[in-house]
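[1] structure for this input, please:
(2 chains)
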Amino acid sequence: MTSTATLMLGIETTCDETAAAVVERQADGAGRILSNVIRSQIDEHAPYGGVVPEIAARAHVDLLDGIVASAMKEAAVGYAQLGGVAAAAGPGLIGGVIVGLTTAKAIALVHGKPLIAVNHLEAHALTPRLVCPLAFPYCLFLASGGHTQIVAVLGVGNYVRLGTTVDDAIGEAFDKVAKMLGLPYPGGPQVERLAAAGDPHRFAFPRPMMGRKDANFSLSGLKTAVRNEAERAAPLERQDIADLCAGFQAAVLESTADRLTVGLALFQERFGPPRALVAAGGVAANQAIRGALQSVAARAETALIVPPPALCTDNGAMIAWAGLERLALGLVDDMAAMPRARWRLDTDTPTPAQFANTRAQH
Amino acid sequence: MLVLAIDTALDACAAAVLDTDTNWLIVQESLPMSRGHAEALMPLLERLMKASGLAFSALDRIAVTTGPGSFTGLRVGLSAARGIALAANKPVVGVTTLSAYAAPLVSENGGNAVLSVIDARHDQAYFQLVTGSGGTLVRPRLAPVSEILDCARYGAPRIVGNLAEALAARWSASAPPVEVRQLAAPEIAWVAWLGAAVSPNTAPARPYYLRAPDARPQRGGPPSSPPA
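    Numbering: from 1, shown residues only, chains lettered A, B, ... in the order given. Have a look, this model is predicted:
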């Protein structure tokens, strides 16, 4: 199956990016991106201060066939040349997932190609292997607006979740803090920018989960602490907002570094030394967080790999690549593949009892 | 002309291939369902095309219902239809559910006006009113059921749709409906016939929601003072 190069169309519609890409997997397992078209829906959602699921679903159905056509054209590839069609089948906002998966099925059915229903989280997990020849096992830190997880990536389809957030995702906390401080959407980059001009020591924010033996995250209490301080300091001058951002980001950095250090130790205990610590998700675009990851990796004596920003945030190339990795192992799906709002990477890892009623079980 | 018709906008998952030259519905399948269209449609299309013995390349166009109906349901049908059209390089057209409901009742000979009604919940409905020969009397819109009863001023109607019986029960006694067709979804054959009749330029395969998303823009300006 891998004796020649294989081409894959990948479709991503799980949140607020409508994306499609064509990726090639060469006989030696190396990847090459032929096209990677992304249409962000930031403008559609900005007036609402966050992603509105119905608005996202409407945009996906309006945009997706045009985006796929662009990706195929840019790659100069015909459908008949494809080795398969991959779509993110979840987890995510179900309205968009349905549009992406149904479109992928339609294309696969017309041309008699294999369909690969990809887990969006798996696609993030396998992305580093698209950009460099990284062997298993490695440790993934996935942090975005929707997800915050530490995952042991042991092989294609073989993942063990070592830690997750029990409430908000890190990117979600950045966006919510931005919103409560009146910063424009999407707020994550705004918080980072203002934090650079602020005093991280003025406000004493809690460092959630510090020192715990598990590798889980919690952002909700920190977010509430920021809201309380913001209300106490109101009316807020620009410097107050900068100081609040700096204090919040410093707390996130310290907590994240601690959680990752614990996660890497758990990895080492169970699976031996990881080949690398890999960061993915929009949060990895935050320079301060990158810095923190660098020192965590150095202390754990492992390499840090951060794919380029366009491959860290949601994109079609990662879906195509995960499709290629699965196809190479004969892992294909049929027309009945289910769109899934919730889809854990590892169904075997039990959710700790104390988190049974939290988002950790997702 | 060979038309592949798809409808998942209301309480059915349905598709058919119509040959307009021979007036032959080559294959059709309609499954009643209120949820689960996303899981059911593509396996249904795979079975249907296999049973037809036709390749997608043999089709002349794809027709799909655009709504009004379930937001998710109509996106399932539109994604499939537009995906097939893109991959097979065929034209795709949209047909509203209201027109598809009315189509079998409309004829050149005229007759009583035809009222199509689709449940929009909360005592509201999507509706349109056309003359017996298909001319527009009231353009498609969303309204409280009580308002739709005003259509009685156009005379005794024929009522069709998934809210036909409920509406007929509340209809004015002075002009009682002459016919009531309660149907969970339009007949797929009529989706195909309408699809063959319209032009891709004037009947695009785009969602026809008739209802805005349930979301409000946030208030402007930073919260510069604590809440009272």
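
[2] look up phi and psi at A:Pro47.
    In terms of degrees, to the nearest 10, the main-chain angles of A:Pro47 are phi -60, psi -20.

[3] from memory it sits against B:Pro217, does it?
    Yes. Look at A:Pro47 against B:Pro217 with C-beta atoms under 8 Å: they come within range, at 4.1 Å. For every residue, glycine as well, the C-beta is placed using N, CA and C.

[4] so between the two, which is more surrounded?
    Between A:Pro47 and B:Pro217, A:Pro47 has the larger neighbour count (other C-beta atoms under 10 Å in any protein chain shown), namely 14 against 10.

[5] for that one, give me its contacts.
    B:217-218 (C-beta atoms under 8 Å, 6 or more residues apart in numbering or on different chains).

[6] cutoff 7 Å now
    Applying C-beta atoms under 7 Å, 6 or more residues apart in numbering or on different chains, we find A:Pro47 in contact with B:Pro217.

[7] same thing with B:Gln28?
    Each residue near B:Gln28 by C-beta under 7 Å, 6+ apart is listed here: B:16, B:188-189.

[8] switch to 8 Å and redo it
    By C-beta under 8 Å, 6+ apart, B:Gln28 lies in contact with B:14-17, B:48, B:188-189.

[9] filter those residues down to the ones in helices?
    In this view, those that belong to helices under DSSP state H are B:48, B:188-189.

[10] among the residues you listed, which one has the most neighbours?
    The residue in these with the most neighbours, by other C-beta under 10 Å, is B:Ile188 (23 neighbours).

[11] dump the residue contacts of that one.
    Neighbouring residues of B:Ile188 by C-beta under 8 Å, 6+ apart: B:5, B:7, B:12, B:14-16, B:28, B:30.

[12] now render the ones in helices among the contacts of B:Gln28 as a markdown table, adding pLDDT.
    Listed next are the ones in helices among the contacts of B:Gln28 as a markdown table, based on pLDDT from 0 to 100:
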| residue | pLDDT |
| --- | --- |
| B:Leu48 | 98 |
| B:Ile188 | 98 |
| B:Ala189 | 98 |
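
[13] next one: the nearest residue to A:Gly155 once chain neighbours are set aside relative to chain B, how far apart?
    Excluding the flanking residues, the one nearest A:Gly155 by C-beta to C-beta, 6 or more residues apart in numbering or on different chains is A:Phe136, at 5.0 Å. A:Phe136 sits 33 Å away from chain B, going by C-beta to the nearest C-beta, to the nearest Å.

[14] surely A:Phe136 meets A:Ala152?
    No. The pair A:Phe136 / A:Ala152 is not scored as a contact, 9.4 Å apart, by C-beta under 8 Å.

[15] more neighbours: those two, which one.
    Set side by side, A:Phe136 and A:Ala152 show more neighbours around A:Ala152, with 24 against 15, by other C-beta under 10 Å.

[16] okay, and the beta partners of the more buried one?
    Going by DSSP bridges, A:Ala152 is paired in beta bridges with A:Cys139, A:Val160.

[17] neighbours around B:Ala197, how many?
    15.

[18] please parse chain B into its domains.
    Using automatic domain parsing, the domain parsing of chain B gives B:2-96+B:185-197, B:98-182.

[19] winner for burial among the ones you listed?
    Most buried of the domains of chain B by mean neighbour count (mean count of other C-beta atoms under 10 Å in any protein chain shown) is domain B:2-96+B:185-197; its value is a mean of 22.

[20] first-to-last residue distance for that domain?
    End-to-end distance for domain B:2-96+B:185-197, by C-alpha to C-alpha, to the nearest Å: 12 Å.

[21] now do stretch B:7-16
    Chord length of stretch B:7-16, first to last residue, is 9 Å (C-alpha to C-alpha).

[22] off-centre distance for the strand or helix carrying A:Gln249?
    Here A:Gln249 sits within helix A:238-271, counting by DSSP states H and E. Distance of helix A:238-271 from its chain centroid, counting by C-alpha atoms, centre = their mean, to the nearest Å, is 17 Å.

[23] elements contacting that helix?
    strand A:138-143, strand A:148-155, strand A:158-164, helix A:170-180, helix A:188-195, helix A:220-233, helix A:287-299 (3 or more C-beta pairs under 8 Å, 6 or more residues apart in numbering or on different chains; DSSP states H and E).

[24] of all those, which one comes closest to A:Met338?
    strand A:158-164 (19.2 Å; C-beta to C-beta).

[25] okay, the closest one in PDB with CA atoms only?
    The C-alpha coordinates for strand A:158-164 follow below in PDB (Å, rounded to 0.1, in the frame of the first residue of the first chain):
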ATOM      1  CA  ASN A 158      -2.900   4.100  20.300                       C
ATOM      2  CA  TYR A 159      -3.300   6.900  22.700                       C
ATOM      3  CA  VAL A 160      -3.300   7.200  26.500                       C
ATOM      4  CA  ARG A 161      -4.700  10.400  28.000                       C
ATOM      5  CA  LEU A 162      -2.400  11.300  30.900                       C
ATOM      6  CA  GLY A 163      -4.200  14.600  31.900                       C
ATOM      7  CA  THR A 164      -7.100  16.800  30.800                       C
END
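
[26] I'm done for today, thanks for sticking with me.
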